[in-house]
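Visitor: quick one: sequence and predicted model below, then my questions.
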Amino acid sequence: MNLVATLWWLLFCTSVGLCVGSFLNVVIYRLPRDRSLRQPVWSACPACDHRIRWYDNFPVVSYVLLGGHCRDCGETISPRYLFIEAVTAIVMLLLLDAFFIEHVRLGLSDSVFGLTDQLASDWPILTAHFVMFAALLAMSAIDLEYYWVDIRFTNLVTACGFILHAIWTPKHSAAWFRPNDTLAVMSIFALAGLFVVWLWVICRPPPPESEGDPVSDDRPADEESRRAESPHEDVESDAPKSRMVSMAFAGIAVVLLLLTIGMLFIKEMKWQIPMYPIRVGLPLALLFVAIVRESSVARDSDVEIIEAIDEERHQARGMVLREFTFFIPAIVLAAFGFWLMREGSEARESIATALHRTVPMWDISFFRRWAPLEGISTAAAGYVLAGALGWAVRIVFTLVFGREAFATGDIHMMAAAGCVAGWPVVLLGFFVTCGVALAGWVLTLPFKRTRALPLGPWLFLSLLLVTLFYEPLIHCTLISRALVVINVLFFGNSQFSPII
C-alpha cells in the first residue's frame, strides 16, 4: 500500500511541478517586457498568432508530441520552455526526496506510515520551499538575460514564508532551526522598524521623473512583444544566440526527470543503493552547465549594466550611506528588544511565555500543537539575519571599492530565502555562491569577457545545493566549528543547538 501511495505522490508532485513550470515560462517572458500576466489569458503562437488548442498545451507532453513545432504554421518552439518545465518538476521531486525520503533536514516527520502521513503534517514547509525555488528559478532566467530582479517574486516568497511558518508548528518541528527567545524578539522588533520605514517610503511624495530609465527597468518592446504569447512560444526567434538552452539540454532535463521518478520509487522499495548523491548531483550538474552556457552569451545588457555602474561610481558611497539610514529604526528597535530580554528583566519571562503559547484549535490534528508566534518568529529571524548579511556585504564593499558591490535584488532574494529556509541555509549558500559563481565566471571568460556577473542564478543553485545537503554540510568539521563561533560571538550561546 505504501508503494502505491508513494507512486501517487511522485506523479502528483511531478504534475504540480510541470504546471508551475509552464506558468513560469509565461512569467519569464512577460514581466521583463512589462506585459500583464492576466491578459491575454489564452496561449497563441507568436509566428502565426493562432490560439493554441487546449490539448496542445500540456507541459512537456505536448512539446514532445508536436516535435517542437507549432501545429498550425510549423514554426520551431523554443526548447527553453521544455527545459524550465522539466527543471521545475525535478526541483519539486528533489525537495520531496530531501525532506521526506532521505531526511536531510531535522524537524520533519519521519512517520513509518509513509509519505501520506508525513505530508499531512509537513506540507506547509514543503510548499514554502517549492514556492521559493520556483520564484528563484524564474528570477534567475530573467537575471541571466537582463540583469534585473523583480522584487514581486521575493515579496511573494516572503509572504508565503511568514504564513506557512505561522501555521506549521507541530511538536516534531522543534528540531527545525528556530531562534532563541532573545533573537526572536529582536527580529520581530527589527521587522517593526522596517515596516515603519516602508510606510514612510510609500507615503512620501514621489521624486520628479528623471530623463531616461534605469538599466534595471529596460524592457524589450518589439513587435513580437505585442502578440499574445504562450508558454510554448519561441520568444527568442529574433535572437537565436540568446536562447536559454539548446534542445540537448532540454532533452537531458526530461530524461533526468524520468530517472528521478524511477530512482525515488526504487528507493521506496527499500533497495539499499546509495543513490541520493546521484539523484541530486545530476540535476545540479545540469543546472551548473546550463547557467555557464547561458552566461557565455554576449548581450547588450552586459555593456549597459557596466556603464550604469561606472556612471554611478562617484555617488556609490553616498548612496549606500543613505540606504543605511533606512535601517536605523530597525537597529534601534532590535536593540530595544535585546534590552527587554536581558537577564533579570521583568518582561523576559512573560514575553518568552507568549512566544511559545499554544492556541487550541478544536480537534484538528494538524493544529494539535499550534504556536503561531513561534512560527512567525522563525520566519522573522531568517528574514532579518539573511537580509542583514546581504546589506552588510553591499554597504561594506561599496564603501571599500567605491562602486556598487552587491545588487539590492540579490539581497531581497537572500532575505526571502532566509524567511523560508532559515538564516543558516542562506549563510552557507552565500559562501557557496561565491565559489560557484567564481568558477562559472572563469569558465565563461573564453566566450564573454565582461565584469558583469548576474548573481541570481548562482544564488538559486547554491541555495538548492545547501538545502539538499544541509545536514551533511553543517556536520562538516570546518562548517560546524564556524557556526559555533558565530553563535557564541553574535548570540551569546555556548552551543549551536539552542538557536536552531
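Guide: Done, it's in.

Visitor: pretty sure Leu119 is touching Trp8, no?
Guide: No. Using C-beta atoms under 8 Å, Leu119 is not in contact with Trp8; the gap is 11.0 Å. In short, each C-beta sits where N, CA and C put it, glycine included.

Visitor: more neighbours, these two?
Guide: Leu119 (20 against 12; other C-beta atoms under 10 Å).

Visitor: where does Trp370 land in three-state SS?
Guide: Of the three states, Trp370 takes coil under DSSP: H, G, I helix; E, B strand; the rest coil.

Visitor: for Ile261, give its distance to Val61.
Guide: According to C-beta to C-beta, to the nearest Å, Ile261 and Val61 sit 14 Å apart.

Visitor: do the same with Ala392
Guide: Applying C-beta to C-beta to Ala392 and Val61 gives a distance of 47 Å.

Visitor: ok now do Leu463, which residues does it touch?
Guide: Phe133, Leu136, Ala417, Ala421, Val425, Val426, Gly429, Thr433 (C-beta atoms under 8 Å, 6 or more residues apart in numbering).

Visitor: scan those residues and report the most crowded one.
Guide: Neighbour max across the contacts of Leu463 (other C-beta under 10 Å) = Ala417, 33 neighbours.

Visitor: please identify the helix or strand for that residue.
Guide: helix 408-421 (DSSP states H and E).

Visitor: likewise Gly251?
Guide: Per DSSP H and E: helix 247-268 holds Gly251.

Visitor: run through the neighbouring helices and strands of that helix.
Guide: Where contact means 3 or more C-beta pairs under 8 Å, 6 or more residues apart in numbering; DSSP states H and E, helix 247-268 is packed against helix 2-30, helix 79-96, helix 276-295.

Visitor: among those, which is the most enclosed?
Guide: Sort those by mean neighbour count, taking mean count of other C-beta atoms under 10 Å, and helix 79-96 sits at the top with a mean of 26.

Visitor: against Ile151, how distant is Ala135?
Guide: Counting by C-beta to C-beta, the gap from Ala135 to Ile151 is 11 Å.

Visitor: what's the answer for Leu445, then?
Guide: The value you get for Leu445 to Ile151, if C-beta to C-beta is used, is 31 Å.

Visitor: more neighbours, Ile261 and Val61?
Guide: Neighbour comparison, Ile261 and Val61: the larger count goes to Ile261, with 18 against 13 (by other C-beta under 10 Å).

Visitor: so who does the more buried one touch?
Guide: Going by C-beta under 8 Å, 6+ apart, the list of residues near Ile261 reads Leu10, Leu11, Thr14, Leu93.

Visitor: could you redo those residues as TSV and give each row distance to Leu468 and pLDDT?
Guide: Output for the contacts of Ile261, formatted as TSV (distance: C-beta to C-beta, whole Å; pLDDT from 0 to 100):
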residue	distance to Leu468	pLDDT
Leu10	17	90
Leu11	21	92
Thr14	17	94
Leu93	11	94
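
Visitor: which of those residues sit farthest apart?
Guide: Using C-beta to C-beta, the pair of these lying farthest apart is Leu11 and Leu93, separated by 10.3 Å.
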